[in-house]
Structures are given as C-alpha cells and as structure tokens.
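S.K.: test case, fold it:
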Amino acid sequence: MRNHTLLCDFYELTMANGYFELGKGDEIAYFDVFFRTLPDGSGFAIAAGLSQVIDYIKNLKFTEEDIAYLREKGVFSERFLAYLKGFRFTGDIYAVPEGTPIFPGEPFMTVRAPSIEAQFIETYLLLALNHQSLIATKANRVVRAAQGRAVAEFGSRRAQGADGAILGARAAYIGGVNATACTITDKVFGVPATGTMAHSWVQMFDNEYDAFVSYCKIYPNNATLLVDTYDVLRSGVPNAIRAFKEVLLPQGITKCGIRLDSGDITYLTKKARKMLDEAGLTECKIVVSNSLDENIIRDIIAQGARVDSFGVGERLITAKSNPVFGGVYKLVAKEKDGVVYPKIKISENPEKITNPHFKKVYRIYDNESGVAIADLMCVHDEVIDETKPLEIFDPIETWKRKTCENYTLRELLVPIFKNGECVYESPSLAEIRDYCKDQVAHLWDEVLRFENPHRYYVDLSEKLWNIKNDLLGAKKR
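M.R.: Have a look, this model is predicted:
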C-alpha cells in the first residue's frame, strides 16, 4: 500500500507541532465525522470508505524521507520531528458499518485519541469517507431507479484519477450496482468486471456484419453486440440478428444481447425488442448506456423502454449532479483525568452549530413493521430501557414529540480501533453490499422518494439537548 501519511492538510502538521510544543499533545480529544446536507435532495445517504480508513490507520507512519521533507520546510522543531519518527495511532475509533443509511447531523464516525493524533488524521478520514459515501449514495439512487434491472458501473475513463475510478467502483458496488467495467476493481475487491466491445471493434472490419460474426465466434457465451455504430434499426439490429442466428443458434446458444449507446433509447429499444422477438430471439437482452443517471432511467422506464440492464458512467462515478458530499470533522469533547467535557462550535449559521459531547447513536425500529422510525443521539453513558415507552422530540421544534412503544434499539457506532489496535473484523464487499440492501429496505417508502422525500428524524436525548443548550447559553454570556 502507498504511504499516505503526508496526504494531509499542512495545517494538521502546524497544529500538531503547536500542541507538542505547548505540552498539549497528549490531551484526549473527541472528534465527530458527520455531514449537514444530503446530496441530490435524497432522503438518506450510504456510509462507505471505512475499509480504506482502517488500512490508513494501520499503515500510519512517518518515513525518514517524510521527516527530511518536513525539516526542509523550516517551521517544525527538531523535538517535534523526533517525536514523529515513532508516531502511530494509539486511540479509539467508532464508526457505523459500511452500507449503513446515514442522515444529516449524526456522527457516522467518532475518533477518541491524543489531540495530535486525532487532529492529524482528519484529512484522510474525510477524503475516504466523503468520496465513497457520495458514490455509494448516487449508485443506490441509480439502482433503485432501475427497478430491479441490473446496473453496471461504466465510468473509469471519466473518473477523477485512478483512485476515483477504483474506489468509486467499489463504492458503487456497495450502493448496489452488479458489476463494473474497471478491471482492477475486480482484481482488488472482487467487483465483477464486465464488458464486450467498443465502436472501434465494429469499425476495424470491412462491414458491421463481419464484426458481429467474428465476435460471436470468439465469444459465443458472452456475445453482446454494440448496434449503434452506423444505424441501429436499418443495420445494427438486423446484422446482430443475422450473426446470432448463423453463429450462436446452431450451437444451441440463446443467451445473447445487444447494446445501444446513443439515440432515443425509449423509441429504439421498443423497435429493437419487436425485431428481436419476431426473429425468435426472445432471450436476447437489451443493454443501454449513454450518459445515464437515475432521472433519465426513471423517465425512459416510465415511457415503456424495453431495457434489461443499464451501463452508467460519468454521472455515477463523478456524482455529476452533486459532486461534493460535505462531511466535516469537528471537535465535540475533551477528556481530563477520565472525565469527558463537552465542546461546542457556534456559528452565525444555525445549521453549523455542532452537537457536543462523546455520543452514541441509536436507530429506533418499530417491532410491528420492522421499519426504522428515527435515530436518537445520546450521551455516551446513557442507558435506555427498551421495556418502557420512549419519548423523542424534534431538537429545534421541540413541541413536535412522539412516544415510541413496542420498539427495538440498535446502536449504530461500533468499535473499530481500541488503543490503536483494530478490533473490527471487516466483512467482505459482497456482505457489505447485501447489508446495504437490507438496511435500505428497512426505511419508510416515503424516505426513499427521489423528490421531496420525507425528512427522517434525527433527535437528541433530553440529556444531550440540555447539555447543548446549557453550552449555548454559557457562550452567550
């Protein structure tokens, strides 16, 4: 693995040097990772990127070359540089498992560590979690729009760099896509790689028919032919039908497909489906691509397009419609002599006021329907008796209250690192994907709406609400 230790904002190092020189480097600090706004107006987001955070923490160290580079900057003390030679993460990290639906304002990762360590890892944690959570969320929207039809991620050539392509495809798989065109993501993470031909294959031959026949002969069990190089209905589909009948059917092979990458998808797929069925190729699948996203997919399905699967590229791998996730990393508490003291950040923008303290987050499930009702942020040492009714309330409009009965609580944040050692057994990527699908299925349909979804409730316990308001009152005085 590449050494990502210096993949940090420079001020993480200047602050670390300052903490060290002031003797504050060993003070225990608590930071939350959370986000404020859902991308694309979604009802929820999908947490992803934890595996890369784990790898980063495990491999965190300053090499001799790193130390030499920092010395040349001329702003760090030799005592601090000597300290960095033995630097490693010794703290605790709690996080929601990858694939968990998450909501604005609630922590989906909490770091407890000596202040230098906790501060230093900010940049990479946000990088890993923001990127993959964004792509997993977008992929989940695309997959849900496809209404059970397979979706493949096709975006490597338009991704922002190699990691954008590789880890983006990983995140898309968590979100629910079936496959990727990115071969290395299959090799590294086991996301099934898929693909057949480009337009250049067809152009390499004297005519379209020869290109199709040649491909069918070489790949009889994986013959999906790209039919829009010249004219979809006049040559592409007729030549594909002819090639299938002459090469595949005599071998008893009926599994085949055509792909369209341009034109009016709804119109062309209807016509192509009719032509294929009339030729007896009822098992031939129709794959479409061409700058698709969840909105286009919903529209063409509503218009009756005859599509069996989708290839979605640039608008997925870059989350083109809303390309920034916006996760932040904020100090919420400090610890001294075993006592945790809450900290709050106040802003002229109310939405930027933080929720203080070392917290736990519960997801409340209705036992009758199995659906998630709300999330509840509590102080870390709070215990809720599930045998008793639980009243929750909106932290802003406090008169909005609900009493939960016949419910089950699940604590979302689980231990990942304790005292610098990884205590979390990472599931396989396929298991993460299945978990994500299951967790999304436990959300209300109203939360799943693409437009104007129901706002899922994220509330504060009364104890935490009182602590927050006491801190706000104290800061005003």
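S.K.: what segments of the stretch 351-477 of the chain are strands?
M.R.: Counting by DSSP state E, counting those that start in this stretch, the stretch 351-477 of the chain has these strands, from start to end: 359-366, 372-379, 390-393, 401-404, 407-411, 414-418, 421-422, 457-460.
S.K.: likewise the stretch 51-200 of the chain?
M.R.: 92-95, 101-102, 109-114, 150-153, 179-180.
S.K.: output the contacting helices and strands for the second one.
M.R.: Which is strand 101-102. Secondary-structure packing of strand 101-102 (3 or more CB pairs under 8 Å, 6 or more residues apart in numbering; DSSP states H and E): strand 45-46. Backbone N, C-alpha and C define where each C-beta goes, glycine included.
S.K.: circling back to that earlier point, of all the strands of the stretch 51-200 of the chain, which one is nearest Ser77?
M.R.: strand 109-114 (17.8 Å; CB to CB).
S.K.: list the buried ones in the closest one?
M.R.: 109-114 (16 or more other CB atoms under 10 Å).
S.K.: elements contacting it?
M.R.: On a contact count with 3+ CB pairs under 8 Å, 6+ apart, strand 109-114 meets strand 28-34, strand 92-95, helix 122-145.
S.K.: now with 10 Å?
M.R.: Applying 3 or more CB pairs under 10 Å, 6 or more residues apart in numbering; DSSP states H and E, we find strand 109-114 packed against strand 28-34, helix 50-58, strand 92-95, helix 115-120, helix 122-145, strand 328-336, strand 359-366, strand 414-418.
S.K.: tell me which strands it pairs with, and in which orientation.
M.R.: strand 28-34 (antiparallel), strand 92-95 (antiparallel) (DSSP bridges).
S.K.: any chance of the ones you listed in TSV with mean neighbour count as columns?
M.R.: Formatted as TSV, the strands paired with strand 109-114 follow (neighbours: other CB atoms under 10 Å):
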stretch	mean neighbour count
strand 28-34	24
strand 92-95	25
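S.K.: is it possible to get JSON lines of these that adds distance to Asp385?
M.R.: Below are the strands paired with strand 109-114 laid out as JSON lines (distance: least, CB to CB, whole Å):
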{"stretch": "strand 28-34", "distance to Asp385": "26"}
{"stretch": "strand 92-95", "distance to Asp385": "23"}
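S.K.: circling back to that earlier point, any chance of the strands of the stretch 351-477 of the chain in TSV, plus distance to Glu283?
M.R.: As requested, those are exported to TSV (distance: least, CB to CB, whole Å):
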stretch	distance to Glu283
strand 359-366	42
strand 372-379	40
strand 390-393	52
strand 401-404	50
strand 407-411	43
strand 414-418	45
strand 421-422	48
strand 457-460	47
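S.K.: nearest to Ile184, of these?
M.R.: By CB to CB (comparing all of those), the closest turns out to be strand 421-422, at 25.0 Å.
S.K.: wait, doesn't Thr318 sit right on Ser156?
M.R.: No. Shown here, Thr318 and Ser156 do not form a contact pair, counting by CB atoms under 10 Å, at 11.1 Å.
S.K.: overlap of the contact sets of these two?
M.R.: Here Thr318 and Ser156 have 164, 168 as joint contacts, going by CB atoms under 10 Å, 6 or more residues apart in numbering.
S.K.: and Glu12, how close does it get to Glu462?
M.R.: Note on Glu12: its distance to Glu462, by CB to CB, to the nearest Å, is 36 Å.
S.K.: list the contacts for Asn466?
M.R.: 379, 460.
S.K.: sorry, back to before: now the buried residues of strand 109-114 as JSON lines including distance to Pro323 and pLDDT?
M.R.: Formatted as JSON lines, the buried residues of strand 109-114 follow (distance: CB to CB, whole Å; pLDDT from 0 to 100):
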{"residue": "Met109", "distance to Pro323": "21", "pLDDT": "98"}
{"residue": "Thr110", "distance to Pro323": "26", "pLDDT": "98"}
{"residue": "Val111", "distance to Pro323": "26", "pLDDT": "98"}
{"residue": "Arg112", "distance to Pro323": "31", "pLDDT": "98"}
{"residue": "Ala113", "distance to Pro323": "31", "pLDDT": "98"}
{"residue": "Pro114", "distance to Pro323": "34", "pLDDT": "97"}
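S.K.: distance check, the most centrally placed residue in the chain against Lys85.
M.R.: Geometric centre of the chain, nearest residue: Ser133, 2.5 Å, by CA atoms, centre = their mean. According to CB to CB, Ser133 and Lys85 sit 34 Å apart.
S.K.: who does Thr224 form a beta bridge with?
M.R.: Judged by DSSP bridges, the bridge partners of Thr224 are Gly257.
S.K.: save the strands of the stretch 51-200 of the chain as TSV, and put in distance to Val379 too.
M.R.: Compiled in TSV, the strands of the stretch 51-200 of the chain are given as follows (distance: least, CB to CB, whole Å):
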stretch	distance to Val379
strand 92-95	14
strand 101-102	20
strand 109-114	13
strand 150-153	41
strand 179-180	42
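S.K.: quick one: closest of those strands to Tyr69.
M.R.: strand 109-114 (23.4 Å).
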